[in-house]
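Novice: my questions concern the predicted model and sequence given below.
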Protein chains: 6
Amino acid sequence: MPLHIKADPGSVAERVIASDSIKIVKQLSELLHGKLINSNRGFFLYTGSHMGIPVSTVYHGLGGPSESIVLEELAQLGVKRVIALETSVLSYRKEYSVMISSSASYDDGGTIGEYITPQKVVVSAVPSFGLLMKLDDAFTKRGIKHVIGQTLSVNTLTYEKTDEIKFLCTELHCAVLYVLSQIRGFESACVVIQDGGKNIPKKIIADIENSVSDAIIAE
Amino acid sequence: MPLHIKADPGSVAERVIASDSIKIVKQLSELLHGKLINSNRGFFLYTGSHMGIPVSTVYHGLGGPSESIVLEELAQLGVKRVIALETSVLSYRKEYSVMISSSASYDDGGTIGEYITPQKVVVSAVPSFGLLMKLDDAFTKRGIKHVIGQTLSVNTLTYEKTDEIKFLCTELHCAVLYVLSQIRGFESACVVIQDGGKNIPKKIIADIENSVSDAIIAE
Amino acid sequence: MPLHIKADPGSVAERVIASDSIKIVKQLSELLHGKLINSNRGFFLYTGSHMGIPVSTVYHGLGGPSESIVLEELAQLGVKRVIALETSVLSYRKEYSVMISSSASYDDGGTIGEYITPQKVVVSAVPSFGLLMKLDDAFTKRGIKHVIGQTLSVNTLTYEKTDEIKFLCTELHCAVLYVLSQIRGFESACVVIQDGGKNIPKKIIADIENSVSDAIIAE
Amino acid sequence: MPLHIKADPGSVAERVIASDSIKIVKQLSELLHGKLINSNRGFFLYTGSHMGIPVSTVYHGLGGPSESIVLEELAQLGVKRVIALETSVLSYRKEYSVMISSSASYDDGGTIGEYITPQKVVVSAVPSFGLLMKLDDAFTKRGIKHVIGQTLSVNTLTYEKTDEIKFLCTELHCAVLYVLSQIRGFESACVVIQDGGKNIPKKIIADIENSVSDAIIAE
Amino acid sequence: MPLHIKADPGSVAERVIASDSIKIVKQLSELLHGKLINSNRGFFLYTGSHMGIPVSTVYHGLGGPSESIVLEELAQLGVKRVIALETSVLSYRKEYSVMISSSASYDDGGTIGEYITPQKVVVSAVPSFGLLMKLDDAFTKRGIKHVIGQTLSVNTLTYEKTDEIKFLCTELHCAVLYVLSQIRGFESACVVIQDGGKNIPKKIIADIENSVSDAIIAE
Amino acid sequence: MPLHIKADPGSVAERVIASDSIKIVKQLSELLHGKLINSNRGFFLYTGSHMGIPVSTVYHGLGGPSESIVLEELAQLGVKRVIALETSVLSYRKEYSVMISSSASYDDGGTIGEYITPQKVVVSAVPSFGLLMKLDDAFTKRGIKHVIGQTLSVNTLTYEKTDEIKFLCTELHCAVLYVLSQIRGFESACVVIQDGGKNIPKKIIADIENSVSDAIIAE
């Protein structure tokens, strides 16, 4: 049993929707008719199902270190696929509400720096290509306007971006998810919602959550 | 009003005890007869008093990015002194239960890397000398065995330490607290409890919390 | 008129297939019924058409510096889309013959280091998502077995890779292409052929070249 | 017998006051009724006593490399406690004449870079907490106005400081002393005198030297 | 037989004049009455003789990676001395037409970064002192005005130089040549021609080529 | 008047022989029939003449920071040419007694790191080519066996060298001299004596000092 997520392997699904929003995790737990598996250290984890296929949802806190603790324990518990639905975001392009991160540039050092030992190689942090396509499909099918592009993962909300590259937004979590999924061997992809979804109608939020649930179970 | 901590400046005390443990924050809130001020994003913040002096206590999540968000917002709200009482820790010296961090070495990059721009200067992360002495006094007065020494602040719980320097423990939070307090201009110090306090009797935990409360109000 | 590629803007197509192989460029020039536009400095460039749409093909030499000179001049000449078909490669997975690079990790410094000024941000080097899908489609339609995955772009053929991340292969060119295309504003994607195509039947090589030509003109 | 300090272990005390000023070392040798033990390579070392307890004083030259040579040889000779009384200093706060360094930020690389191998960990350079308190006490008892705070250790006198952190002064020696004392296992603390003591009355200089001598022998 | 230069050890001379200009290599092949040994991958290599002593000349492409591939293969083939005659150059001092590089500063990382593993040591890239003197002599004897000084080796032609140090010019190749010759154990020196020799009369170019040929065979 | 070397511009010659050995500076002062100009901070400086041409000799302490202080002040005083005759050395090739450093690789950061701001450019530290030739001539004329080659400048005597490059020796001073002379605009070269000259007969030491004096005045 992991240190923070007090759960047996059997009680967590192989498909997990993770989030930095307690609210989204609670909404998803209703959508999945989920059962509370863990509340230790505030990392709420529910297991339910979508279209008959087991799916879990988990709150991973804010920032790479907290996220890495949860992802490491999910890996120990046998997770095979993770989609993150994140809300902590500084957007540069106000017009988009739903962003699929096709790659995440990131700050040197920090959480990723502790995973990648030989400093000479710059690891490009990218989602699983197939899962990215499933997300794109799922959003398209439910008619949700979305954009696919590069994001920048940082460690503080006050950080200023570089100008050479145009990013969709600055967020806190994509890069750690992508690098850990490569190292620990599970699929990953990430969706980021504009302004934490504050100005998005409830109905659309539900559609977004349903789309992510569609993608997490897609073959 | 800050983005995450939904509080007016007047409702948060100038003296704050922060923690990475929801449990400790709740216990402290009782000790301080505190009132819940914020629960948004899970950052529980209570304001009460110790010996007639207003004191707040807040949960800052796990890891530097989350901690930096809370500390930045506390600074916006006018905080003057922060003592952190942390539990996420990999100890090397099993005999100590209460550790006061007299300095925090840290991983290059990450959260601190986003605050310190000129990479050539290595900033030594240290608490406020006076507040460190107040903590030492407070623990001594209540007869709590403690040790003062250097800690290593990391970003993942799987990180392996360097061998050149002997640290009391590896933890997640001291360095960010020290560097931010220097930049934003408030006093800081940090106490780390062995193994998250798991093997420490409840009575001792209460004594530790009382000692920290003594130090936060000491002149 | 650029310094190395002695060509007028009008004489180079907006869609270019670049390669580190003179042989492949010559074969492509036949397939495109191309006309020789430049041979200065050995950077052979031909302009022809595929399915009635103008396409150029160009030899960019070996390694990032040489490649960056050619790409910079193509950008000056108004290029809008580049697919690279590369042969310099150290493969780790002997079974694959055609690899589409979905991201390129790379060595710190060197050519990319001269483009990205603030050293703190690690830029993830990725192809244009849409063009990557067009390549995948084109290979699928012509029945060519291929794999999509991460590659590692290096600067010497003697370089040893890191072990944390599993790459499809080590090659010399993808990362520079991806980063320059982001900075200069054109679409890009990259295909890498196992062992320079040495053990691939001529017929298959032609099919690969046709597939890349299909992708470069796809809407 | 070390390479530079031509002395037997028995002839050097376990408590040493080191300095970058030949003049201060000579004054201290009189105060300690010291005997000249070494003059080889200009590293004057005298051994005498204060209040009946053996104390040595040594000139370590200017800058980290020279200082590290002397400290390494003192460690070989069995030193247990070193207080440095330094004069090479660029002060930012003109009002202070005596500064106790509570931590030393420093330039990356150089002397410390050759001691700390894994570049990812940033070692915070700090004095021994207990010895720092002894210095504070000793100055207080003799009525010498002093300030405790962070200093910045550099390698050239022309170096410009960073602005994020407010330092008491820029000096040449504290960080190397602190890091070496951690690695070689002796106690250390450091006092820095404003403008090399040029504008301080002789009587005060003597009081400072007496205070440091008090601290070096304090239990 | 190497991977790119398809040649037997016996067919390549121990003394090689390398260049980033196909034109210069062809002119030199005539001067040396050389025979074409390789044209694979566009790396034209001719072997002939000067004053009865065997000399080869080879085109190594543009940029460090390409150059390193050719130099590595020359080392495998037993080369003992290499003089490079380079034309890719951004000059700062317009008055000089022939520059002998007495040292090459360079960009961190890239090709050299893959050869030098411990990042803490900055390797100064310099030619063989004796061969540098032979070049100086040869140019003097033929009455060719030349300057000896420091150059800066970069990886892109758009790179802006640093201002602390005054360089003769920015070029692409000297540093890689110098570092590889140190590691692989052959002599090296490098001449750089202003503006690729564009504004230099044909007669002078021939004299330069003859001077380099004199130096490559000098005892 | 500089801060450490208390001398007027007129009292220091434009040609200076610097050393890390007080003993060598004293011997040279006799050879030059020099007059003591400064003893402040232990930086002994004498001015005399060789063959009727004014020459000064100065002790610069041990290590780059101390050396940089002296060189900066010499530059302020109008120095035009400096030859260093150094003794702090860890030799790898025991057979050579006199080594002329033709380039100095060095440790990243430290003293040089404070002079060179843009970290991306690696500055190759080399002597003035002409002065190096004058030293070579002078030693040859007096029949002193010597070797010219690359040295490694470090900041501690305990530092272990890298293996990729073969250096004549590890020493403390050449790189700082070369970089400062480039920045401040004076000529420089450096001679390093095996084992500090301990095993070299007095007569030879005198010949070495005479050779350096010959070189410093050579046209």
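Specialist: Sure, I can see it.

Novice: you'd agree A:Lys145 is up against A:Gln194?
Specialist: No: between A:Lys145 and A:Gln194 no contact is recorded; they are 10.9 Å apart, counting by C-beta atoms under 8 Å. From N, CA and C alone the C-beta is placed, and that goes for glycine too.

Novice: what about those two, which has more around it?
Specialist: Neighbours were counted for A:Lys145 and for A:Gln194 using other C-beta atoms under 10 Å in any protein chain shown; A:Gln194 has more, 20 against 11.

Novice: and the pLDDT at that one?
Specialist: According to the prediction, A:Gln194 has pLDDT 80.

Novice: quick one: it and chain B, what's the gap?
Specialist: Separation of A:Gln194 from chain B (C-beta to the nearest C-beta, to the nearest Å): 15 Å.

Novice: for A:His33, same thing?
Specialist: With C-beta to the nearest C-beta as the criterion, A:His33 and chain B are 23 Å apart.

Novice: ok, residues contacting whichever helix in chain A runs longest?
Specialist: When chain A is parsed with DSSP state H, its longest helix is helix A:202-217. Here helix A:202-217 makes contact (C-beta atoms under 8 Å, 6 or more residues apart in numbering or on different chains) with A:15-17, A:24, A:27-28, A:31-32, A:50-51, A:53, A:55, A:81, A:83, A:85, A:97-98, A:131, A:134-135, A:137-139, A:141-144, A:189, A:191, A:193, A:197, A:200.

Novice: among those, which are in helices?
Specialist: Going by DSSP H, the helices hold A:Ile24, A:Gln27, A:Leu28, A:Leu31, A:Leu131, A:Lys134, A:Leu135, A:Asp137, A:Ala138, A:Phe139, A:Lys141 from the contacts of helix A:202-217.

Novice: report the buried members of the residues you listed.
Specialist: Those of these that meet the buried threshold are A:Ile24, A:Gln27, A:Leu28, A:Leu31, A:Leu131, A:Lys134, A:Leu135, A:Ala138, A:Phe139, by 16 or more other C-beta atoms under 10 Å in any protein chain shown.

Novice: where does the last one land on pLDDT?
Specialist: Okay, so that is A:Phe139. The predicted local confidence for A:Phe139 is 95.

Novice: list the contacts for it?
Specialist: A:Phe139 touches A:Val98, A:Ile100, A:His146, A:Ile208, A:Ser211, counting by C-beta under 8 Å, 6+ apart.

Novice: the same query, at a cut-off of 6 Å, please.
Specialist: The contact partners of A:Phe139, taken as C-beta atoms under 6 Å, 6 or more residues apart in numbering or on different chains, are A:His146, A:Ser211.

Novice: up against chain B, what does chain A have?
Specialist: A:22, A:42, A:61-63, A:65-66, A:68-69, A:108-111, A:113-114, A:155-157, A:159, A:172 (C-beta under 6 Å from any C-beta of the partner chain).

Novice: let's see the ChimeraX selection covering just the buried ones among these.
Specialist: Those of the residues of chain A next to chain B that count as buried under 16+ other C-beta under 10 Å are selected in ChimeraX with:
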select /A:22,42,61,62,63,65,66,68,69,108,109,110,111,113,114,155,156,157,159,172
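
Novice: looking at the residues of chain A next to chain B, which are in strands?
Specialist: Among the residues of chain A next to chain B, no member falls in strands (criterion: DSSP state E).

Novice: any low-confidence regions in chain A?
Specialist: A:91-96, A:117-120, A:158-165 (pLDDT under 70).

Novice: hmm, 50 instead?
Specialist: A:118 (pLDDT under 50).

Novice: whichever residue of it sits closest to chain D and F:Phe44: what is the separation?
Specialist: Sorted by distance to chain D under C-beta to the nearest C-beta, the residues of chain A start with A:Gly113, at 6.1 Å. With the distance defined as C-beta to C-beta, to the nearest Å, A:Gly113 ends up 48 Å from F:Phe44.

Novice: beta partners of the residue most central in space within chain A?
Specialist: Chain A has A:Ala84 as the residue nearest its centroid, 1.5 Å off, counting by C-alpha atoms, centre = their mean. For A:Ala84, the beta-bridge partners under DSSP bridges are A:Ala18, A:Cys190.

Novice: next, work out how far apart it and chain E are.
Specialist: Counting by C-beta to the nearest C-beta - A:Ala84 and chain E are separated by 32 Å.

Novice: A:Leu152: which element?
Specialist: Remark: A:Leu152 resides in strand A:147-153, with elements defined by DSSP states H and E.

Novice: contact partners for A:Gly42?
Specialist: B:Ile22, B:Gly42.

Novice: now do A:Ala189
Specialist: A:Ile83, A:Pro127, A:Leu131, A:Leu132, A:Leu135.

Novice: how about the nearest residue to the fourth one, chain neighbours excluded?
Specialist: Once its chain neighbours are removed from consideration, A:Leu132 has its nearest residue in A:Ala189; the separation is 5.0 Å (C-beta to C-beta, 6 or more residues apart in numbering or on different chains).

Novice: pretty sure the residue of chain A closest to chain D sits against B:Tyr106.
Specialist: No: applying C-beta atoms under 6 Å as the test, A:Gly113 and B:Tyr106 come out as separate, 11.1 Å apart.

Novice: in contact with A:Ala138, which residues are there?
Specialist: A:Ala138 touches A:Ser211, A:Asp214, A:Ala215, counting by C-beta under 6 Å, 6+ apart.

Novice: could you rerun that using 10 Å?
Specialist: Contacts here follow C-beta atoms under 10 Å, 6 or more residues apart in numbering or on different chains; on that basis A:Ala138 touches A:83, A:144, A:146, A:191, A:208, A:210-218.

Novice: give me the buried positions along the longest helix of chain A.
Specialist: A:204-205, A:207-217.

Novice: what is the nearest of the ones in helices among the contacts of helix A:202-217 to chain F?
Specialist: Using C-beta to the nearest C-beta, the ones in helices among the contacts of helix A:202-217 come closest to chain F at A:Leu131, 36.4 Å.

Novice: so what's that closest one closest to, chain neighbours aside?
Specialist: A:Ala189 (4.1 Å).
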